[in-house]
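A.B. asks: sequence first, predicted model second:
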Amino acid sequence: MSKSILSVSLSLIFGLALISAFLLGQSDEYGLAYAQTKTGPGHNPILERPRSNGETGTNTYALLPVSSTLTIDQTITPAEAAVGQTITYTYLITNTTGQTITNLQATNQPLGPVSFTPGTLLVNQLLADQSISGIVTYTIQESDLPGPLTSLTTISSTLPSGRITSAQVTGTVALRKQPQGGPIYLPLVMTPNLDCPTIPTLISPANGATVDSLIPTLTWDSGNESKAIAAELEIERIGSGSTNEIWSSYWKTGVRTHIPSGNLENGQTYRWRVRLDCGETWGDYSAQWTFTPSYDGAVVAAPQLVSPAYGSLVDSTTVTLKWSAVPGATFYTVYLTESDFPFFYPFFTTPNTEETIDFYFDSDTTYLWRVVARDDKAYGPVSETWEFTTPQ
């Protein structure tokens, strides 16, 4: 039985919270971000379920969250401010879940709650594809110097299933001491973080590079920090107003890589950086680099699903998924969901055309699955979606 290294995100699906991440993807060779290994009898590594029938062994699997189901466009005016000036943060929040959401709330840390038009702090209902505006204002204080003033805005809402969906966006405002006579910047003083001193080093793509791929491999060196428990990759399409953070304990030391889980936008510039998580504190960020994907060539075809047959009743909760080989494809990502859950998520990535899963499926449950192939340039189109049902 062949299994790929799988990665587990901070937010889990099917009973775990959903988190924003339009660029989450696989890391290193076949694996994905958030890898987690559990060993021994009495423990099943996914969903923390007890093993049954005396199962034993070591498993390394991955779960990745679906992308954020809310879209946030943030505008900060002005982008540079002096003491006494008021900054205005405006938001356009769009419901891209495909469903009606309720209990929409937003908070800007550290500035406070976001007020929605027309002045409420809670939106009881937002229809699919509907948008709403929000605003936060703040006056720069002397205590905010030397800056910059950074913020993290979190948007959350409730899906019809009762699950919580959320998205985040960061903001940075440069500060100066005096409002008149042009910008007067205070000197930048770098103080080492002695509780998490190692700073990762970015390796590739080179800063400012144009890359011949829509899924470039990001490579960096996390170093050898003894206090590190994980590393976080931050990536953003410049001008999008939305920053995405990807956390993985697998990245805490050594040279690591990340491949986006979907095609990046052709011709758009992205920025990225990495920092260590030392448990009680974060380390300083690496240098921030940029790159621009540029690829107009052909992409690989969609795989053809083979088995389990569409609509079939399988004879066990151990299920082998099979699909056809695609010429030119190097890896395949399998997406899964339960029939009563509206979102597919990438379950694992493999170079093979079949995988047996003996740790995940529940009895008397209908599952939907699909496969996407890729080469080193881009992901191809998604396959058909098939379903199967496990026995009682």
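C.D. replies: Looks like it arrived, so ask away.

A.B. asks: break the chain down into its domains, please.
C.D. replies: 70-176, 201-293, 299-392 (automatic domain parsing).

A.B. asks: now those domains in TSV, with mean pLDDT?
C.D. replies: Formatted as TSV, the domains of the chain follow (pLDDT from 0 to 100):
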stretch	mean pLDDT
domain 70-176	84
domain 201-293	92
domain 299-392	92
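
A.B. asks: could you dump those to a markdown table with distance to Asp195 and mean neighbour count?
C.D. replies: Using the backbone N, CA and C atoms, a C-beta is placed for each residue, glycine as well. Below are these laid out as a markdown table (distance: least, CB to CB, whole Å; neighbours: other CB atoms under 10 Å):
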| stretch | distance to Asp195 | mean neighbour count |
| --- | --- | --- |
| domain 70-176 | 19 | 16 |
| domain 201-293 | 5 | 18 |
| domain 299-392 | 34 | 17 |
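
A.B. asks: dihedrals phi and psi, the closest residue to Thr366 other than its chain neighbours?
C.D. replies: Residue nearest to Thr366 in three dimensions, not counting chain neighbours: Ser339, with 4.0 Å by CB to CB, 6 or more residues apart in numbering. Main-chain torsions, Ser339, degrees, to the nearest 10: phi -60, psi -30.

A.B. asks: against Trp369, how distant is Ser339?
C.D. replies: Separation of Ser339 from Trp369 (CB to CB, to the nearest Å): 11 Å.

A.B. asks: any residues in contact with both of these two?
C.D. replies: Between them, Ser339 and Trp369 share these contacting residues under CB atoms under 8 Å, 6 or more residues apart in numbering: Glu387.

A.B. asks: thinking again about what came up before, how about the residue nearest to Thr366, what does it touch?
C.D. replies: 365-368, 387.

A.B. asks: which of the residues you listed lies closest to Val169?
C.D. replies: Top of the list for closeness to Val169, among the contacts of Ser339 and by CB to CB, is Leu368 at 30.8 Å.

A.B. asks: what does the one helix or strand the closest one maps to rub up against?
C.D. replies: Take DSSP states H and E as the rule and Leu368 turns out to sit in strand 366-374. Taking contacts as CB under 8 Å, 6+ apart, the residues outside strand 366-374 that touch it are 215, 300-303, 305, 321, 323, 326, 329-339, 344, 361, 379-390.

A.B. asks: repeat that for stretch 128-138.
C.D. replies: 86-100, 104, 106, 108, 111-117, 123, 126, 149, 153.

A.B. asks: can you put the domains of the chain in CSV and add distance to Asn193?
C.D. replies: Putting the domains of the chain into CSV (distance: least, CB to CB, whole Å) gives the following:
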stretch, distance to Asn193
domain 70-176, 16
domain 201-293, 6
domain 299-392, 34
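
A.B. asks: go through those domains and name the closest to Leu194.
C.D. replies: So among the domains of the chain, domain 201-293 is nearest, using CB to CB, at 9.6 Å.

A.B. asks: how about the strands in the stretch 251-392 of the chain?
C.D. replies: Under the criterion DSSP state E, counting those that start in this stretch, the stretch 251-392 of the chain contains strands at 255-260, 270-277, 289-293, 305-307, 312-313, 319-323, 331-338, 345-350, 354-357, 366-374, 379-382, 386-389.

A.B. asks: now render these as CSV, adding distance to Val211.
C.D. replies: Converted to CSV, the strands of the stretch 251-392 of the chain look like this (distance: least, CB to CB, whole Å):
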stretch, distance to Val211
strand 255-260, 12
strand 270-277, 10
strand 289-293, 6
strand 305-307, 32
strand 312-313, 42
strand 319-323, 29
strand 331-338, 18
strand 345-350, 20
strand 354-357, 30
strand 366-374, 15
strand 379-382, 15
strand 386-389, 34
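
A.B. asks: ok, which of those strands comes nearest Gly208?
C.D. replies: Once these are compared by CB to CB, strand 289-293 is nearest, at 5.7 Å.
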